[in-house]
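Enquirer: The sequence isn't on hand, but the structure is:
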């Protein structure tokens, strides 16, 4: 009897413990299904979440904890700590390329991607581009007698008089200077930094402002403080929609991109990788066209899974008609040479 009673008691205890563990499993599973996604803030982040993160998470049944990071250095610190708080991070293309070279990210299996859909320059072994942005030339239509058509026109102060503004960062500004100086789009990289700086020096008397934030660039052209400007397409579009006498062109624009990566050691790395792949699927990439004005999908097949109006395609920077006019920024070049180029650029513009 004693043995039978003890066995019965043991079975009862096992059943109680088992039931308790079973009751705990859904909560634990749900905790594991929460993916922390960190990126930049502002309106761009809202559009990014609405177009990519949230639809992908819904498709996979994941919960998202949305956070803000402080660029690549903050991610580097977290990885070095051995316990990063973020599972997926949204960065600039050069940051993804540099982070990969430093071994900061988990590998991604991109083997199933169509090589023609996402350019080789827009992905690595541990990161992939998610969305294109553009740097374009814009001008005040109430000041220009004729619209400029190229960066060479932007540099031609006689034919196109007026105050100019360009970014105070080397990336993108060096590219447009070389295009203005006659370098062909397909010969842009590796960048000839000295030649670019010489071109900027020639235009220096006409450059009234080296802007430092997107908001500042918007205000400069909206208020007429400058007559011509190198500006993000997403920043100039609202100015035009508000009725300002401003226009822009995608001709000789620069296509840059945001990208995603999974920090090495991320707690929910497996789910984060699933989320990353879902975000670059054609079906979800197509949402960018409808939810992120003047941005564009990186996956070219996004244009095949849904029918878009001519107006939508005209506004989307990576639509076939607009992408052909622009040049893709080489993030790998900037990851390798960016510090030296930035130092030389800062020194030149401060003279």
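Expert: Great, that's in hand. Everything quoted here is computed from the prediction, not taken from an experiment.

Enquirer: Going by C-alpha atoms from here, please, whenever you check contacts or count neighbours.
Expert: Will do.

Enquirer: Tell me the strands beside the strand ranked longest in the chain, with direction?
Expert: As assigned by DSSP state E, the longest strand anywhere in the chain is strand 246-261. Neighbouring strands of strand 246-261 in its sheet, by DSSP bridges, are strand 88-92 (antiparallel), strand 127-140 (antiparallel), strand 327-328 (parallel).

Enquirer: Out of these, flag the one nearest residue 238.
Expert: strand 127-140 (12.5 Å; Cα to Cα).

Enquirer: follow-up on the earlier one: give me the distance from the longest strand of the chain to the chain's centre.
Expert: Distance of strand 246-261 from the chain centroid (Cα atoms, centre = their mean, to the nearest Å) equals 10 Å.

Enquirer: helices and strands around the next helix or strand after it, which ones?
Expert: With elements assigned by DSSP states H and E, the helix or strand that comes after strand 246-261 is helix 269-279. Counting contacts by 3 or more Cα pairs under 8 Å, 6 or more residues apart in numbering; DSSP states H and E, helix 269-279 is packed against helix 54-60, strand 88-92.

Enquirer: for the ones you listed, which one sits closest to residue 177?
Expert: Across the helices and strands packed on helix 269-279, closest to residue 177 is strand 88-92 (Cα to Cα), at 21.2 Å.

Enquirer: Where does the prediction get shaky in the stretch 1-150 of the chain?
Expert: 1-32 (pLDDT under 70).

Enquirer: mind listing the strands in the stretch 201-350 of the chain by residue range?
Expert: Secondary structure of the stretch 201-350 of the chain (DSSP state E, counting those that start in this stretch): strands at 207-211, 228-232, 246-261, 296-297, 327-328.

Enquirer: picking that back up, could you save the strands paired with strand 246-261 as a markdown table and add columns showing distance to residue 115 and mean neighbour count?
Expert: Formatted as a markdown table, those follow (distance: least, Cα to Cα, whole Å; neighbours: other Cα atoms under 10 Å):
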| stretch | distance to residue 115 | mean neighbour count |
| --- | --- | --- |
| strand 88-92 | 21 | 24 |
| strand 127-140 | 12 | 26 |
| strand 327-328 | 16 | 20 |
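
Enquirer: Need the per-residue pLDDT for the residue minimising distance to the centre of the chain.
Expert: Centroid-nearest residue in the chain: residue 258, 1.6 Å away (criterion: Cα atoms, centre = their mean). Per-residue pLDDT puts residue 258 at 96.

Enquirer: hang on, the earlier thing: okay, the helices and strands packed on helix 269-279 in CSV with distance to residue 44 next?
Expert: Formatted as CSV, the helices and strands packed on helix 269-279 follow (distance: least, Cα to Cα, whole Å):
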stretch, distance to residue 44
helix 54-60, 14
strand 88-92, 11
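
Enquirer: Could you identify which of the strands of the stretch 201-350 of the chain is most buried?
Expert: strand 296-297 (a mean of 30; mean count of other Cα atoms under 10 Å).

Enquirer: Check which helices and strands that one is in contact with.
Expert: strand 127-140, helix 287-291.

Enquirer: just how off-centre is the last one within its chain?
Expert: For helix 287-291, the distance from its own C-alpha centre to the chain's C-alpha centre is 15 Å (Cα atoms, centre = their mean).

Enquirer: Which neighbouring elements make contact with it?
Expert: By 3+ Cα pairs under 8 Å, 6+ apart, helix 287-291 packs against strand 296-297, helix 310-315.

Enquirer: To residue 329, which of the helices and strands packed on strand 296-297 lies closest?
Expert: Nearest to residue 329 among those is strand 127-140; the distance by Cα to Cα comes to 9.8 Å.

Enquirer: roughly how far out does the closest one sit from the chain middle?
Expert: The answer for strand 127-140 is 8 Å, by Cα atoms, centre = their mean.

Enquirer: Now residue 65: closest residue in space, sequence neighbours ignored.
Expert: residue 36 (4.6 Å; Cα to Cα, 6 or more residues apart in numbering).

Enquirer: That neighbour: neighbour count?
Expert: 19 (other Cα atoms under 10 Å).

Enquirer: do residue 304 as well
Expert: Residues near residue 304, counting by other Cα under 10 Å: 11.

Enquirer: per-residue confidence for it?
Expert: Value for residue 304, per-residue pLDDT: 95.

Enquirer: For it, grab phi and psi.
Expert: phi -100, psi -20 (degrees, to the nearest 10).

Enquirer: From residue 117, how far out is it?
Expert: 11 Å (Cα to Cα, to the nearest Å).

Enquirer: can you check residue 141 too?
Expert: On the measure of Cα to Cα, residue 141 and residue 117 end up 37 Å apart.
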